[in-house]
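Visitor: sequence and computational prediction follow.
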Amino acid sequence: MRVLFVTPECFPLVKTGGLADVSAALPAALIQAGVDVRLLLPGYPAVLEGLSNIHEVGDLITDLPGTERARLVVGRMPDGTLAYALDAPALYLRPGNPYTGPNGKDWPDNAQRFAALSWAAAGFAAPEPYDPWWRPDVIHAHDWQTGLVPAYLKTRPDRFAGPYRPGTVVTIHNIAYQGHFGAHLLGELKLPSSCYSVDGVEYYGGLGMLKAGCYYADRITTVSQTYAHEIQTDDQGMGLQGLLAARVDDLRGILNGVDYGIWDPRTDTHIATNYDPDHMAGKADCKTELQLAFGLERRADAPLAVVISRLTWHKGLDLVLEVAGQWAAMGGQLAVLGTGEPGIEAGFRHLADWFPGKVGVRIGYDEGLSHRLQAGGDIILVPSRSEPCGLTQMYGLKYGTLPLVRRTGGLADTIIDATPAALYDGAATGFKFVNCTAQELLFTLRRALAVYRRPDQWDAMRHRAMTRDLGWDRPAQEYLELYRGITAEG
């Protein structure tokens, strides 16, 4: 089985969110399962610098703007995985964030930049493929940036009708980001006018790249079972709910996993002291170190809640602002790491000023510090209004930092609420609330505090959380089953 993984980012070369982690960990797990996986990435400077043993596969003539000097190269990721890169300086040789310019706004040619990536992926199925020595059985495209891959394969048989048509999978990592552009770009992006309809790429009077992927792909996946249901509803479908409901037989939720090679308190080099479920003294050391790092009172008995997140309304962080004062009054502490909406950033800064020794805030992001927060916290707060999968709560489980989450998406699928029955059975791994209100969040914090004050119960919950297996082996097997189903259809 040969699979081409087409993605706009991949850890450790370029990362803006969880997609990068998935794009690194899932191929590695599939390779362990015997799949021949290769990646295709945009040729950002960090990608071209990070790949080793690069050599040119061949010139890439795509006829798309900005690709006149494009070429396809191949090299190895730091973990040894083979990766192709579309080396198109006019499109990717830019500083900073891969999607936005220095002014924080989207690059104006993002449609062309990611259409070129999709065209390059489709080229692996051409009669004269870009790499004549390797043809994928399946092309697995990720998010809106690669949504045109199945569209090109289905609507441009004149260019991509090779002797071996690969199956296609599109994975929706977050349906809120859809790649919506003007319809005037249709011809420039080499899409035939016949595909500009509701049964095609047309989306609310424009061109929808994610919509195109969802319409033309053989299969659609998303990153948790609950999210697969939610995106078929008016509340969370973001305009695609009708299409996804119509394709329900081809839609599947497969929960993301955790890369335990990176996220494991037994081996983590970022944290003060390593520990494991049966030897927890090191976690107390990590808590003390974290309290010192955030200017908090050094108190072993104070329940320490942590936030590692984009500081946005969407993530429910406004709710944390509302209840933080009451949490401090109950004896709790709060450590926050993140960046996001200016108003919410300012709110957390004010909290740190108002509650010295009880609230500590770092605006920004630091990978090492995020590990230290996972290791040193008692509770990790993830009160998102929607969350396709979420990884921070799964990291929290592994580190014995019990997640307190809103019941949505992957948060609902990965956390077992500490109900009386679940506590009695030893199944509980965290705390959940339903309605996105400050009152429910505060009530759930009080529930968590009640368990925290019963050390035997708290320790049992932590042990159960830390011994859950949410690694990539099971998701990789589910994807392999999906790939085999597509290729069996021919």
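Guide: Thanks, I have the structure now.
Visitor: please parse this structure into its domains.
Guide: 2-257+472-489, 281-466 (automatic domain parsing).
Visitor: element containing the closest residue to residue 77 other than its chain neighbours?
Guide: Once flanking residues are discounted, residue 77 sits nearest to residue 83: 5.2 Å by CB to CB, 6 or more residues apart in numbering. C-beta coordinates here come from the backbone N, C-alpha and C atoms, glycine included. If you go by DSSP states H and E, residue 83 is part of strand 82-87.
Visitor: residue 152 now?
Guide: helix 148-155.
Visitor: helices and strands around whichever helix or strand comes after that helix, which ones?
Guide: Per DSSP H and E, the first helix or strand lying C-terminal to helix 148-155 is helix 157-160. Helices and strands touching helix 157-160, by 3 or more CB pairs under 8 Å, 6 or more residues apart in numbering; DSSP states H and E, are helix 148-155.
Visitor: what's the average pLDDT for the helix it packs on?
Guide: For helix 148-155, mean pLDDT is 97.
Visitor: identify the residues contacting it?
Guide: Residues external to helix 148-155 that are found in contact with it (CB atoms under 8 Å, 6 or more residues apart in numbering): 6, 114-115, 118-119, 121-122, 125, 139, 141, 159-160, 165-166, 168, 170, 189-192, 194-195, 200-201, 209, 212-213, 215-218.
Visitor: what about burial for these, which qualify?
Guide: 6, 114-115, 118-119, 121-122, 125, 139, 141, 159-160, 165-166, 168, 170, 189-191, 195, 200-201, 209, 212-213, 215-218 (16 or more other CB atoms under 10 Å).
Visitor: residue 23 and residue 142 touch, don't they?
Guide: Yes: judged on CB atoms under 8 Å, residue 23 makes contact with residue 142 at a distance of 6.6 Å.
Visitor: common neighbours of these two, please.
Guide: With CB under 8 Å, 6+ apart, residue 23 and residue 142 have common neighbours 5, 7.
Visitor: follow-up on the earlier one: ok, of the domains of the chain, where does mean pLDDT dip lowest?
Guide: Minimum mean pLDDT among the domains of the chain: domain 2-257+472-489, a mean of 94.
Visitor: and that one, how far apart are its ends?
Guide: 16 Å (CA to CA, to the nearest Å).
Visitor: which residue packs closest to residue 164, ignoring adjacent ones?
Guide: Nearest residue to residue 164, sequence neighbours excluded (CB to CB, 6+ apart): residue 135, at 5.4 Å.
Visitor: residues touching the one you found, list them.
Guide: Counted by CB under 8 Å, 6+ apart, residue 135 has contacts 2, 124-125, 129, 162, 164, 166.
Visitor: cool, and residue 50?
Guide: Residue 50 touches 12-13, 77-78, counting by CB under 8 Å, 6+ apart.
Visitor: mind listing what's buried in the strand holding residue 83?
Guide: 82-87.
Visitor: parallel or antiparallel, which strands does it pair with?
Guide: strand 36-42 (parallel), strand 71-76 (antiparallel) (DSSP bridges).
Visitor: ok, back up a step: nearest to residue 417, of the contacts of residue 50?
Guide: residue 12 (34.6 Å; CB to CB).
Visitor: so what's that closest one closest to, chain neighbours aside?
Guide: residue 78 (6.2 Å).
Visitor: hmm, residue 24 and the one you found touching each other?
Guide: No: counting by CB under 8 Å, residue 78 sits too far from residue 24 to count as a contact (9.1 Å).
Visitor: of these two, who's got more company?
Guide: Counting neighbours by other CB atoms under 10 Å for residue 78 and for residue 24 shows that residue 24 has the greater number, 24 against 12.
Visitor: contacting residues around the closest residue in space to that one that isn't next to it in sequence?
Guide: In space, residue 24 comes closest to residue 11 once its chain neighbours are excluded; the distance is 4.4 Å by CB to CB, 6+ apart. By CB under 8 Å, 6+ apart, the residues touching residue 11 are 20-21, 23-24.
Visitor: residue 93 now?
Guide: With CB under 8 Å, 6+ apart, residue 93 has these contacts: 43, 45.
Visitor: gap between it and residue 60?
Guide: Going from residue 93 to residue 60 by CB to CB, to the nearest Å gives 15 Å.
Visitor: for residue 297, same thing?
Guide: 59 Å.
Visitor: those two - which one has more neighbours?
Guide: Between residue 297 and residue 60, counted using other CB under 10 Å, the more crowded position is residue 60 (21 against 10).
Visitor: quick check: that one touching residue 117?
Guide: No: using CB under 8 Å, residue 60 makes no contact with residue 117, being 10.8 Å away.
Visitor: if we can go back for a sec, so which of the buried ones among the contacts of helix 148-155 are in strands?
Guide: Counting by DSSP state E, the buried ones among the contacts of helix 148-155 place 6, 139, 141, 168, 170 in strands.
Visitor: beta-bridge partners for the residue nearest to residue 77, please?
Guide: Under DSSP bridges, the beta-bridge partners of residue 83 are residue 39, residue 75.
Visitor: going forward can the numbers begin at 56, since that is how I track them
Guide: Noted, 56 is the first residue going forward, which turns the last one into residue 138.
Visitor: separation between it and residue 340?
Guide: 39 Å.
Visitor: do the same with residue 495
Guide: 34 Å.
Visitor: and for residue 438?
Guide: Applying CB to CB to residue 438 and residue 340 gives a distance of 28 Å.
Visitor: more crowded one of the two?
Guide: residue 438 (26 against 16).
Visitor: residue contacts, the residue nearest to the more buried one when sequence neighbours are not counted?
Guide: Leaving aside its sequence neighbours, residue 438 sits nearest to residue 371 (CB to CB, 6+ apart; 3.4 Å). For residue 371, the contacting residues are 437-440, 461, 491, 496, by CB under 8 Å, 6+ apart.
Visitor: could those residues go into TSV alongside secondary structure and distance to residue 423?
Guide: As requested, these are exported to TSV (DSSP: H, G, I helix; E, B strand; the rest coil; distance: CB to CB, whole Å):
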residue	secondary structure	distance to residue 423
437	strand	20
438	coil	25
439	coil	24
440	coil	29
461	strand	28
491	coil	31
496	helix	28
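Visitor: output these as TSV; include the columns distance to residue 89.
Guide: Shown next, in TSV, are these (distance: CB to CB, whole Å):
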residue	distance to residue 89
437	35
438	40
439	36
440	40
461	38
491	43
496	45
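Visitor: just the buried residues out of the residues you listed, in ChimeraX syntax.
Guide: When burial is assessed using 16+ other CB under 10 Å, the buried subset of the contacts of residue 371 is captured in ChimeraX by this command:
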select :437,438,439,440,461,491,496
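Visitor: nearest to residue 96 among the contacts of residue 371?
Guide: The nearest one, if we look at the contacts of residue 371 relative to residue 96 and count by CB to CB, is residue 439, at 28.0 Å.
Visitor: show me the contacts for the closest one.
Guide: Taking CB under 8 Å, 6+ apart, one finds 369-371, 445, 460-461, 463-464, 466 in contact with residue 439.
Visitor: among the residues you listed, which are in helices?
Guide: Counting by DSSP state H, those place 464, 466 in helices.
Visitor: now the closest residue to residue 309 other than its chain neighbours: phi and psi?
Guide: Nearest residue to residue 309, sequence neighbours excluded (CB to CB, 6+ apart): residue 533, at 4.8 Å. Backbone torsions of residue 533, given as degrees, to the nearest 10, read phi -70, psi -40.
Visitor: please report how far residue 533 lies from residue 340.
Guide: Residue 533 is 38 Å from residue 340, by CB to CB.
Visitor: check residue 236 too.
Guide: Taking CB to CB, one finds residue 236 at 51 Å from residue 340.
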